[in-house]
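# Sequence and predicted structure below; questions after.
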Amino acid sequence: MSRPIIGITAYVEPAGWAVWRDVPAVLVPQAYVRAVTAAGGRAVVLPPDDTDVDVLRILDGLLLAGGADVGPERYGQPPDPRTESRPDRDAGELALLAGALAADLPVLGVCRGMQLLAVAHGGTLHQHLPDVVGHDGHRPAAGVYGAHPVRFAADSLAATVMAGVERVNSYHHQAVADPGGLTVTGWADDGVVEAVEDQDRRFLLGVQWHPENDPDPRPVAALVRAAGRSTRPQRPVG
């Protein structure tokens, strides 16, 4: 039986390897690929591309990875000076997401990916979270993850996936302010939104933390399980 194919959206950032320095590169942290593989899936890295969404025809699931901020013009706000967006990622990922939603493809959004889910469903973001919560606990320092308590709504997908988990990691300076058409089903101890979902869909979950960096990356495993029940050959792509 073939492994479910999971598309992982990728960064375009300056990178260095061997003799090369600051070369624009398509990349994604290997932790995402490792988590998908460990859950029994086959990872495919998707660079930003808004020309079409034909790649969805070969995918069984879509993982919207973390990264730079979603452009505030996407939710009707002027940019905060501390917002760093990537318009190419926004355009390509929103197109992929629209196609995935039209096909009811299983979707997991991680950190930026959760925020993109909210924006795609008509929601808005807090552009700089410390201004809202009064502390830097969700991103303690550059390259340093925080950790905090989390709670989930009873009988939600998030609660089912994360049963028994009381703390998650954290690295973000933006957060969901309004989830739009999605339902908030997870919160940090300071009230920051930690999970959103659409309970009317087969599998649509957004998490604010980085499960790929956990030793037990349950949301990624849940995505792969849902993708394993895919009916890809009959699925239309918009």
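That came through fine.
# Residue ranges in this structure under the pLDDT threshold?
For the chain, applying pLDDT under 70 flags the ranges 1, 230-238.
# Recalculate using a threshold of 90.
For the chain, the stretches with pLDDT under 90 are 1-2, 229-238.
# Quick one: name whatever helix or strand follows the longest helix belonging to it.
Assignment by DSSP state H gives helix 87-102 as the longest helix of the chain. The first helix or strand that comes after helix 87-102 along the chain, using DSSP states H and E, is strand 107-110.
# which strands and helices sit next to that following strand?
strand 61-64, helix 87-102, helix 112-120, strand 204-207, helix 218-228 (3 or more C-beta pairs under 8 Å, 6 or more residues apart in numbering; DSSP states H and E). Quick note: C-beta positions are derived from backbone N, CA and C, even for glycine.
# Mind jotting down where the strands sit in this protein?
Ranges of strands in the chain, per DSSP state E, are 5-9, 11-17, 20-27, 42-46, 61-64, 107-110, 124-126, 146-152, 167-170, 175-178, 183-188, 193-197, 204-207.
# Tell me which of the ones you listed lies nearest to Val70.
strand 124-126 (6.5 Å; C-beta to C-beta).
# What lies in contact with that closest one?
70, 72, 75-77, 115, 118-119, 132, 174-178, 180 (C-beta atoms under 8 Å, 6 or more residues apart in numbering).
# Distance to Arg42 and mean neighbour count for the helices and strands packed on strand 107-110 - can I get that in JSON lines?
Listed next are these as JSON lines, based on distance: least, C-beta to C-beta, whole Å; neighbours: other C-beta atoms under 10 Å:
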{"stretch": "strand 61-64", "distance to Arg42": "10", "mean neighbour count": "28"}
{"stretch": "helix 87-102", "distance to Arg42": "17", "mean neighbour count": "20"}
{"stretch": "helix 112-120", "distance to Arg42": "19", "mean neighbour count": "27"}
{"stretch": "strand 204-207", "distance to Arg42": "20", "mean neighbour count": "28"}
{"stretch": "helix 218-228", "distance to Arg42": "9", "mean neighbour count": "23"}
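# and of the ones you listed, who's closest to Ala15?
Using C-beta to C-beta, the helices and strands packed on strand 107-110 put helix 87-102 closest to Ala15, at 15.5 Å.
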